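Enquirer: sequence below, structure please.
(one chain, ligands or ions: 1)
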Amino acid sequence: MTPTPPTDATADDRDSETTADTDDHLIPRLGLPRRDFIKAGAAVGAMGTLAGCTGLLDNNGDGVASASDVDASVPPGELDEYYAFLSGGHSGDVRVYGVPSMRQIMRIPVFNYESARGYGHDDETREMLESAGDYTWGDAHHPRVSQTDNDYDGRWVFINDKANGRMARINLKYFETDAIVDIPNTQGVHGACARLPDTDLIFGVGEYRVPIPNDGRNLDDPDAYESVLTAIEPESMNVVWQVRVDGNLDNGDGGKNGRWFFATDYNSDGAVTESEMARPDTDYLKAFDTIAIEEAVENGEYEEINGVPVVDGTTESPLNQGDRPLVHYVDVPKSPHGVSVTPDGTYAIVSGKLDPTCTVVEIDRFDEVDDPNDVIVGQPLVGGGPLHTAYDGRGHAYTTLFVDSQVVKWDIEAAVDAERRSEDPIIEKIDVHYNPGHLIAAESYTADPQGDWLISLNKLSKDRFLPVGPVHPENDQLIYIGDDDAGMQLVKDTPAYPEPHDASMVHRSKIDPEPVYDPEDLETEYVDVDDTEVIREDGRVHIKMTSQRNEFGFHDVTVQEGDEVTITTTNIETTSDLLHSLAIPQYDINVKLAPQETREVTFTADKPGVYWMYCAYFCSALHLEMRSRLLVEPEE
Ligand code: CUA
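Expert: The predicted structure follows:
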């Protein structure tokens, strides 16, 4: 079998004579994580042979089954291997893709109001949004999936709002946002990550330095501006402590052993203009000893600001002078961007952004060295504009090169052995289109990455899609990384609405969403057929009704102008995928009702007239007939 270099990829570094292992690209059809597949032993060879004989692997039609025939197609009716959760950036949502098809399966509104899912339209979700700052949008960047024992547990996705300093939680039982916390003492939470192995804390990484509290004091005194790392307890979503630091904070990642958290900064001088921010030759990687920080909080060594214990982690802090500093400040080349911990927890790798290197930090050395800079054990020269690094679990790192529009694959241990600023650890580079920001490999944030698929989240798409005016989509490119001999292979372009920043990719076996609601999980009481009623009391009207094919519990309801009206509706269907909604024209309401879901909406009936409440989900042949009259009688 002779692999043909794929036409889309940079083939320079590829040995076209290498015999490729053709087994890996079968995996998407088998519904097994790659590791499990390999563990299946003899079955691998048998399937490979069988598939080769039937021509299943010959996807490019050249009559040869080879590694260049990477099959990223998922035929109609078949399911994907992975869930990918992509942030929606300033659209404020999270998108769910199937990988490798790159089909967008769902959008989950988080910081944005969204009518198809009724998000922000019913009382519960509207109150959640209003109590978390009452903003109509957010800038969702880093979706991180909860883990137990350093592996995805399918419970939650956490995501930050960079714009307004919030953190949200998505419940993967129902793929819906169930909590948002407005974080005090910070503006612009950028990185969002967990303390691992068990996601017992969520970290919000404060990007913008502001006066604390930001109430008008020290307006133009940048020396008094500060940023904080925030720790949030995931079950309650309560902010439990914060740490003040010098400079700002950018991206972050948790160590694997429950102690360390790492964050980069790009403004260690505390400047307030772009030219000043990029002036110093070095900035910091900050290593937070979260156990030492928790001990400081327990010992009362904090200042309470806006109800939160804030610990002093600045370089001059007395808490940072002893044997066990709270925050270690490591000098790295200026304006670093991403930091990510290797799957085995050995290294934190910092991507240089303005410097063409990555910096490899050996985590255990923090306890051994006197000079924190001695934790640096490698610094490969990777290329122009390194931003983020992902892993395949086979000892390789994949780093996006924003300036060079490439993804570079390099060997982590080779980078530790090599001279600093050497290109020797580089294995290959592949062109992407164009200017990649984040990238994500399957389960890269766990201790056991799957090592088959990688998505490069490219900020610019330019000429890759039909022109649609001055606003272009982004381009999320799927790359196969499962064959080290054949090299990285670009297999798919996927346009993305502005603008994904980061993603997490989880094997489908680790997520188990419910097809219908369990009424016990909802705050609002279920309305069954016998519970249908209208309660009137002092200008308040409470309508409790069912919805089912093809009618609501009442065919008409009369209220008085000025009444405060609450409608509680249950979709009493038990059949999956049979949704209704309660849409009320001119009252700006559309409440989604999935099977067994109960939602409540409250509004003031301030417009007299006839309003056809209708179902906006196409639910049956009589869907159009599913409507009832809301009669608002004018005031005398
Ligand atoms: Cu119910 Cu359409």
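Enquirer: hang on, T568 in a helix?
Expert: No - under the criterion used here (DSSP: H, G, I helix; E, B strand; the rest coil), T568 is strand, not part of a helix.
Enquirer: how near is it to the ligand?
Expert: Noted for T568: a distance of 17 Å to the ligand, by C-beta to the nearest ligand atom, to the nearest Å. (C-beta placed from N, C-alpha, C; glycine too.)
Enquirer: with D80 instead?
Expert: D80 sits 28 Å away from the ligand, going by C-beta to the nearest ligand atom.
Enquirer: how about that residue, what does it touch?
Expert: 28, 74, 98-101, 103, 508 (C-beta atoms under 8 Å, 6 or more residues apart in numbering).
Enquirer: for it, which non-adjacent residue is spatially closest?
Expert: Using C-beta to C-beta, 6 or more residues apart in numbering and skipping the chain neighbours, the partner closest in space to D80 is G98 (3.0 Å).
Enquirer: and for D463, the neighbour number?
Expert: 10 (other C-beta atoms under 10 Å).
Enquirer: could you confirm it falls within a strand?
Expert: No - counting by three-state DSSP, D463 falls outside a strand, being coil.
Enquirer: coming back round to it: out of the contacts of D80, which are buried?
Expert: Buried members of these, counted by 16 or more other C-beta atoms under 10 Å: 28, 74, 98-101, 508.
Enquirer: tell me which of those fall in strands.
Expert: Among the buried ones among the contacts of D80, the ones falling in strands (DSSP state E) are 98-99.
Enquirer: among the buried ones among the contacts of D80, find the lowest-pLDDT one for me.
Expert: pLDDT across these is lowest for P28, at 38.
Enquirer: pipe the buried ones among the contacts of D80 into JSON lines and attach distance to the ligand per row.
Expert: Formatted as JSON lines, those follow (distance: C-beta to the nearest ligand atom, whole Å):
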{"residue": "P28", "distance to the ligand": "35"}
{"residue": "V74", "distance to the ligand": "29"}
{"residue": "G98", "distance to the ligand": "26"}
{"residue": "V99", "distance to the ligand": "32"}
{"residue": "P100", "distance to the ligand": "34"}
{"residue": "S101", "distance to the ligand": "29"}
{"residue": "R508", "distance to the ligand": "30"}
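Enquirer: with distance to V189 as added columns, please give the contacts of D80 in CSV.
Expert: As requested, these are arranged in CSV below (distance: C-beta to C-beta, whole Å):
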residue, distance to V189
P28, 35
V74, 35
G98, 29
V99, 27
P100, 32
S101, 32
R103, 30
R508, 30
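Enquirer: nearest to Y329, of the residues you listed?
Expert: For these, the closest approach to Y329 (C-beta to C-beta) belongs to V99, at 37.8 Å.
Enquirer: quick one, what contacts that closest one?
Expert: 80-84, 442, 453, 455, 478, 505.
Enquirer: so what sits opposite it in the bridge?
Expert: The partner list for V99 in beta bridges (DSSP bridges) reads Y82.
Enquirer: show me where pLDDT drops low in the stretch 151-300 of the chain?
Expert: Applying pLDDT under 70 to the stretch 151-300 of the chain flags residues 278.
Enquirer: and the helices in it, which stretches?
Expert: Along the stretch 151-300 of the chain, counting by DSSP state H, counting those that start in this stretch, helices occupy 274-277, 290-298.
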